[in-house]
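> Let me see the structure of the following:
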Amino acid sequence: IPQCQYILDRSKSQYALLVASNSLTELITTHWNNFTIAQRIDIRNYVLGYLANNGPTLQDFVTLSLIKLVCRITKLGWFDDPTH
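Here you go, the predicted model:
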């Protein structure tokens, strides 16, 4: 995950950003139970912050991939909070 964040933070290539986003989605999906709730929240907040700061300058396909990642995190973590 830190490598994907490094690429997202520093790369100017839209395709590299897409690969990093897709890799994060795959990691989150396949290893969901290995993350603590705090780690899940940190990842979600990072992606939301990244979209808020960089969304307007990203290509549509990168934005869609990052939105898909946020949706996946939300879906998988829906029952983490006891109020749900």
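
> Low-confidence regions, this structure specifically.
Low-confidence segments of the chain, defined by pLDDT under 70: 82-84.

> what are the ranges of the helices in this protein?
2-10, 14-30, 37-54, 60-76 (DSSP state H).

> Mean neighbour count added to those, as CSV?
Quick note: C-beta positions are derived from backbone N, CA and C, even for glycine. Below are the helices of the chain laid out as CSV (neighbours: other C-beta atoms under 10 Å):
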stretch, mean neighbour count
helix 2-10, 13
helix 14-30, 17
helix 37-54, 14
helix 60-76, 16
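
> I'd guessed Leu58 sits against Gln14; true?
Yes: assessed by C-beta atoms under 8 Å, Leu58 is found in contact with Gln14 at 7.0 Å.

> For Gln5, which residues are in contact?
Ala20, Tyr46 (C-beta atoms under 8 Å, 6 or more residues apart in numbering).

> what distance separates stretch 45-52 from the middle of the whole chain?
Stretch 45-52 sits 8 Å away from the centroid of its parent chain (C-alpha atoms, centre = their mean, to the nearest Å).

> can you list contacts of it?
Here stretch 45-52 makes contact (C-beta under 8 Å, 6+ apart) with Gln5, Leu8, Leu24, Thr63, Leu66, Ile67, Leu69, Val70, Ile73.

> got the contact list for the nearest residue in space to Thr29 that is not next to it in sequence?
Leaving aside its sequence neighbours, Thr29 sits nearest to Arg72 (C-beta to C-beta, 6 or more residues apart in numbering; 6.1 Å). Going by C-beta under 8 Å, 6+ apart, Arg72 touches Thr25, Ile28, Thr29.
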